[in-house]
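Colleague: next one to model:
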Amino acid sequence: MRAALNSVVRLGRATALVALLVVACMAPQAVASDSAAQQLADKYVPVVMLKKQAAPCDRSGEAYGPSSVNPILGNAQFSLVRDGAAVMTGPTAADLYEKPAGYAIDYPGNPLSPGCSYDQLARELGMGVPPKDAVAYAHVTTQKDVPGKLVVQYWFFYLFNDYNNLHEGDWEMAQLVFPADTAEQALGRAPSEIGYSQHNAGEKAAWTDPKVQKQGNHPVLYPGAGSHAGFFSQALWLERNRSEGIGCDDTRGPSVQVNPRAVLLPSSDPGKSSSLAWITYRGQWGAPLRAPYDGPPGPNTTDRWTNPITWQDDAREGSTEIPDVGSAVVTSAFCAIVAQASDLLTRLGRNPVATMLLLAVLALVLIGLIRATRWNRVPLDPLARQRRAGQMVRSALSIMRRSPWLTLAAGLVFIPVAALASVAQWLIANAPVIGDLLDVIGSETTLLWLGSLTASLPGGIIGYVLAIMIVSVGMQYQRAHGRRLPVQQAWPEAKRVLPATARSVALRVLQIVLLGASIVGIPWAVKLVIETQLLTQVCAIEGRGGRGSRMRARELSRRAWARVAIISLLAGLLPLVIAPMLAMPFLILQLPVWSVNLIGAVFAAALTPLAAVVMVLLYGDRVAAQELRGSLAQAAPARTP
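Modeller: Numbers count the residues shown, from 1 in each chain. Alright, predicted model coming up:
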């Protein structure tokens with residue numbers, strides 16, 4: 001009996017020992033696996049460079065940092081909604097556990113009219129820049145049908161997407177691809193590829209590509225201000241199709257560096273009690289508005305979560321950079337128009353009735369302006385003839401066809417002036433004093449805009465004035481000699497009136513600038529701007545200069561301020577606005593940016609002579625109107641005492 005009992009005891013001890021050995025062998029393997037994944041995530045977690053705000057609520061900079069989701073969980077300011085009805089306030093990670101699509105987290109505020117509310121909320125919650133708890137959620141995974149490749153994804157959560165498609169919550173991603181099957185293997189090998197998500201797609205590169213900036217093992221990520229689309233360097237980026245998105249992303253400095261900590265996401269169900277239980281949530285992380293203003297779903301609902309290698313293979317190998325020089329007229333105009341269009345769509349969603357009424361009024365005004373003028377043909381001679389705006393345009397086209405060399409000379413003069421303005425802008429943008437001015441102004445965007453204005457505005461004025469002067473000289477020569485101005489005599493004739501024209505225009509521009517700078521003198525500055533529209537023609541055609549030319553331009557503008565202002569504005573829009581718009585379709589054809597801007601410059605050179613001829617015909621219209629008033633005054637019977 002005792003022997004049998006001893007045998008049972010020995011068998012029990014042996015069984016327990018075997019069990020302990022099994023556990024001892026298994027436990028280190030599981031720990032090592034988790035530890036290896038965390039080590040791998042820590043080793044390569046990206047450094048995030050966010051565009052610095054000049055001041056709080058500066059929407060040209062980045063207000064939201066890559067943060068932990070914890071500040072919005074269990075927070076009574078946030079609600080969980082379904083089908084437009086609130087389910088609960090302050091949902092926790094456990095509350096979100098395995099909630100299906102159809103649920104949404106609603107934030108305090110209106111994403112279609114954000115103002116500064118989300119910026120202030122981010123600062124209050126510690127989710128601004130830099131965030132109180134900067135986090136990159138790491139997902140170590142493979143793709144079933146692609147053996148031999150391990151992927152480490154880093155998911156970044158931002159409180160708000162302040163881009164063309166305003167929405168609450170924003171998830172963006174960066175990933176590294178390793179030639180390995182396990183995290184343990186990947187720790188001993190370098191990544192082979194890297195990819196950054198950008199709107200609906202992404203951009204990839206080889207790990208050894210020079211464009212991949214690194215701080216040690218950590219890649220440097222440049223999110224677009226407001227959109228958080230990831231880029232490899234600082235620049236202004238152009239998106240122009242469905243896969244890229246439509247608009248412009250700005251990653252230019254100065255930047256604020258953020259070093260997130262890697263939080264490893266579980267590869268299987270974490271359970272409802274886990275602090276990461278929210279990873280099973282399949283609803284939206286923002287207000288459930290109509291697209292594209294609806295809050296995004298979480299990382300686990302995306303195709304890139306389950307098929308990361310396919311996503312990597314489909315990513316682009318480069319992005320389109322917009323140069324900072326002044327020749328980038330078309331692309332800059334594209335960025336501005338897309339931003340305005342998105343703002344209009346936002347207003348339409350926020351207040352559709354008022355927006356539609358405003359658009360209807362603008363359409364009626366445009367139709368009214370077109371119908372208010374006349375477009376019938378009138379004789380080209382004499383120059384001093386009253387013409388309606390439409391007749392001026394039609395006559396201008398006829399004059400350009402009749403005098404092609406004059407047209408070419410007026411257009412070509414604009415090109416070297418624009419080129420010199422671009423060089424001047426580049427010099428201003430790269431001057432050593434820029435760093436000191438940044439400290440004063442506080443925003444590189446503002447500084448570059450001022451540099452662009454300083455360089456391009458005088459260039460545009462000079463080019464436009466020269467074009468009007470050449471057309472004026474050519475038309476005056478034909479009126480005086482009864483024949484067209486020979487090409488070889490164009491420049492000598494222009495040089496004859498150039499000094500007086502330059503002095504008169506320069507002095508008038510100086511007066512306008514000083515009056516405008518005084519603020520109280522703005523009404524007088526506007527009046528002088530209108531008078532100046534006829535100043536070049538007076539100098540070139542009548543041979544006047546100095547004070548006499550300015551008084552003559554004022555005399556011609558009198559009693560027709562609105563007419564001169566409107567026609568001058570519409571003529572000036574031809575090279576400045578219409579030319580870039582004509583070149584924009586070439587962006588959709590995926591032509592290089594420099595070639596599209598060159599096409600825009602060609603359109604501008606072609607439309608500048610048309611604008612110049614219209615301005616000379618406007619001068620003739622005012623001369624004829626003045627002569628008519630003089631004739632009527634002479635014909636009027638004298639008053640009897």
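Colleague: when you work out contacts or count neighbours from here on, use the C-alpha atoms and nothing else.
Modeller: OK.
Colleague: who are the contact partners of A101?
Modeller: The contact partners of A101, by CA atoms under 8 Å, 6 or more residues apart in numbering, come to R282, G283, Q284.
Colleague: again with L528
Modeller: L528 touches R508, I512, counting by CA under 8 Å, 6+ apart.
Colleague: how about the strand or helix carrying it: buried residues?
Modeller: Here L528, judged by DSSP states H and E, is contained in helix 522-532. For helix 522-532, the neighbour count (16 or more other CA atoms under 10 Å) marks I522, A525, L528, V529, I530, E531, T532 as buried.
Colleague: cool, and stretch 616-635?
Modeller: Under the neighbour-count criterion of 16+ other CA under 10 Å, stretch 616-635 has V616, L617, L618, Y619, G620, D621, R622, V623, A624, A625, Q626 buried.
Colleague: rebuild those as TSV, extending it with pLDDT.
Modeller: Converted to TSV, the buried residues of stretch 616-635 look like this (pLDDT from 0 to 100):
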residue	pLDDT
V616	91
L617	91
L618	92
Y619	92
G620	89
D621	90
R622	90
V623	90
A624	90
A625	87
Q626	85
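Colleague: among those, name the ones in helices.
Modeller: V616, L617, L618, Y619, G620, D621, R622, V623, A624, A625, Q626 (DSSP state H).
Colleague: just the pLDDT at the closest residue to Y196 other than its chain neighbours, thanks.
Modeller: Once flanking residues are discounted, Y196 sits nearest to A174: 4.5 Å by CA to CA, 6 or more residues apart in numbering. A174 is assigned 97 on the pLDDT scale.
Colleague: break the chain down into its domains, please.
Modeller: Here the domain parsing of the chain from automatic domain parsing is 45-322, 329-379+386-631.
Colleague: would you mind writing the CA trace of the helix holding L528 as CSV?
Modeller: Written as CSV, here are the backbone C-alpha positions of helix 522-532 (Å, rounded to 0.1, in the frame of the first residue of the first chain):
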residue,chain,number,x,y,z
ILE,A,522,-6.7,104.8,-49.2
PRO,A,523,-9.7,106.5,-50.9
TRP,A,524,-7.4,108.9,-52.6
ALA,A,525,-5.0,106.0,-53.5
VAL,A,526,-7.9,104.2,-55.2
LYS,A,527,-8.8,107.3,-57.2
LEU,A,528,-5.2,107.7,-58.3
VAL,A,529,-5.1,104.0,-59.3
ILE,A,530,-8.0,104.6,-61.6
GLU,A,531,-6.5,107.7,-63.2
THR,A,532,-3.2,105.9,-63.7
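Colleague: quick revisit: turn the ones in helices among the buried residues of stretch 616-635 into CSV, columns for distance to Y118.
Modeller: As requested, those are exported to CSV (distance: CA to CA, whole Å):
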residue, distance to Y118
V616, 53
L617, 53
L618, 51
Y619, 53
G620, 56
D621, 55
R622, 55
V623, 58
A624, 60
A625, 58
Q626, 59
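Colleague: give the buried residues for the helix or strand that the helix holding L528 is followed by.
Modeller: Remark: after helix 522-532, the chain's next helix or strand is helix 535-542, criterion DSSP H and E. Buried positions in helix 535-542, judged by neighbour count with 16+ other CA under 10 Å: L535, T536, Q537, V538, C539, A540, I541.
Colleague: do the same with stretch 43-52
Modeller: Using 16+ other CA under 10 Å as the test for burial, stretch 43-52 gives Y44, V45, P46, V47, V48, M49, L50, K51, K52.
Colleague: and what of stretch 274-292?
Modeller: Buried, per 16+ other CA under 10 Å, within stretch 274-292: 276-289.
Colleague: end to end on that stretch, go ahead and measure it.
Modeller: Stretch 274-292 has an end-to-end distance of 32 Å (criterion: CA to CA, to the nearest Å).
Colleague: give me the neighbour count for A262.
Modeller: Residues lying near A262 (other CA atoms under 10 Å) number 23.
Colleague: residue contacts, it?
Modeller: Q38, A41, D42, V45, V135, A136, Y137, A138, Y154.
Colleague: most widely separated two among those residues?
Modeller: Maximum pairwise distance among the contacts of A262 (CA to CA): 13.6 Å, between Q38 and V135.
Colleague: give me the common contacts of the two.
Modeller: Taking CA under 8 Å, 6+ apart as the contact rule, Q38 and V135 both touch A262, V263.
Colleague: between those two, who's got more neighbours?
Modeller: Neighbours per residue, other CA under 10 Å: of Q38 and V135, the larger number sits with V135, 23 against 19.
Colleague: my guess is the more buried one contacts P260, does it?
Modeller: Yes. Assessed by CA atoms under 8 Å, V135 is found in contact with P260 at 4.6 Å.
Colleague: helix/strand/coil for P266?
Modeller: coil (DSSP: H, G, I helix; E, B strand; the rest coil).
Colleague: give me the number of residues near the nearest residue to it once chain neighbours are set aside?
Modeller: Leaving aside its sequence neighbours, P266 sits nearest to H139 (CA to CA, 6+ apart; 7.5 Å). By the measure other CA under 10 Å, the count of residues near H139 is 24.
Colleague: can you pull the contacts of H139?
Modeller: V151, V152, Q153, Y154, W155, L264, L265, P266, S267.
Colleague: among the residues you listed, which one sits closest to G84?
Modeller: Nearest to G84 among those, counting by CA to CA, is W155 at 27.9 Å.
Colleague: got the contact list for V473?
Modeller: For V473, the contact set (CA under 8 Å, 6+ apart) comprises A490, E493, A494, A540, I541.
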